[in-house]
Every structure is written in structure tokens, then in C-alpha cells.
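K.L.:
Dropping a prediction and its sequence here:
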Amino acid sequence: MDFQLEPADIFLSRTHGIGSWFIRFFTRTGGEPESEVSHVGIVVEGGPLEKAVIVESRGRARRRLFFRRYGKKRKYDVAIFRPLHLTPEKRALIVRAALDYVGKEYSYFKILLHLLDWVLQGAYVFRRLGGINDYPICSWLVARAFAKAGETFGTPPDAADPDDIWDFINAQPEKYRMLWPLSPLMPPKH
């Protein structure tokens, strides 16, 4: 892999474990095929794959080296997308917004609210009433960061889940280019 990641690139991932399956199952709505992904994050510092820095909410919102987290562990399938329609100013707004969440605790309660909304066929009821916006989950962090730049994924930012983001960006090839298909990242060739 010799491509460079850029700030505001989006990555989505899944594992083949029960937790990932659970999220994929409960984020699809009636009649929709099984969700492909269970997690999402955002690039905040671009560069070669080995040096790019991401922000993701997993236990706590954190900055991490992307490849260290996802490239050496074969248990992850990862897809990477580049938003083509963003100005440098919008990219900067998105990155600043994502960085503002670093250190915040993950909201396991918000996952429960997603599950309750799933029972209502994906209605945005319990998540809206929950009012726990200081505790990000992965999709909420990415959708909220993009919302700061006036961008959405076809759903209110507080209602977005990884499947919503996956479906939206895959349906918008004029706005989002796939850099890496949903598969394990291979070590770079030197």
C-alpha cells in the first residue's frame, strides 16, 4: 500500500466476533441486508498508512496510530473512504471537532438506546430522549464531527450508526472514494 491518508478520511471496520456481529445485527432495519460494519473512526493526521493518526471511540475516545491498531491484527476487516467534496476548511472543522472528543468516556448506555430504537424499526426516539451527548460512541463521534462542517450521513448525527454511515458513503461514489475495500490491511511493501 503506497497511498496516503488525509485528514477527515473515514474508516469502517468489523471483526468476526460476537460483539461485532451483535452490532451489525442490531443496526440494520427491517428488510435491509445484514450490516457490513460495526465500527467507524476518522483520520485526524494524514500521512502514510503507518503514520496516520485516527480518533475513534472504543472504551474512551482516543487518538491512535491507525496501522498499529488495524494493520497488524488480522482479525479486523477495514474499509477506508475519502470524502471528495470537502474543502480544506471543512476538513479542518471536522478534525477539530473529532479531537474535542478525545478523552471522553464511551457510552454503553447509548448502545442500549440504539437497541431500543431498533425494536421500533430504527425510529430515532430513545436516542433523542436519552440526552447523553457528552459520552460518544464511534458513529456518533464521526457523525457529530462531520455535522460541525454542515455534513451528514443521511440521518441526524445523534442517530447515526456504523451501518448508516457505510450505506450512505457507498451510495455516494461522486462524494466518497473507496481507498481500501472491506478486508484485512496488508503490511506495506518496502
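P.N.:
That came in fine, so what should we check first?

K.L.:
Name the spans of this structure whose pLDDT lies under the cut-off.
P.N.:
Scanning the chain for pLDDT under 70 picks out the ranges 1-2, 18-31, 73-74, 106-136, 187-190.

K.L.:
who's in contact with the residue most central in space within the chain?
P.N.:
Among the residues of the chain, the one closest to the centroid is Val40, at 2.0 Å (CA atoms, centre = their mean). By CB atoms under 8 Å, 6 or more residues apart in numbering, the contact list for Val40 reads 10-13, 56, 138-139, 142, 162, 165-166. Quick note: C-beta positions are derived from backbone N, CA and C, even for glycine.

K.L.:
any idea which element Ala143 lies in?
P.N.:
Per DSSP states H and E, Ala143 falls inside helix 138-147.

K.L.:
Tell me the helices and strands packed up against that helix.
P.N.:
Where contact means 3 or more CB pairs under 8 Å, 6 or more residues apart in numbering; DSSP states H and E, helix 138-147 is packed against strand 39-45, strand 53-57, helix 88-100, helix 162-170.

K.L.:
Taking strand 39-45 as reference, get the angle to that helix.
P.N.:
For helix 138-147 against strand 39-45, the angle by axes from the mean of the first three to the mean of the last three CA atoms, to 10 degrees is 40 degrees.

K.L.:
who touches helix 138-147?
P.N.:
Contact with helix 138-147 is made by 10, 39-42, 55-58, 61, 94-95, 97-98, 101, 107, 110, 136, 152-153, 155, 157-158, 160-162, 164-165, as judged by CB under 8 Å, 6+ apart.
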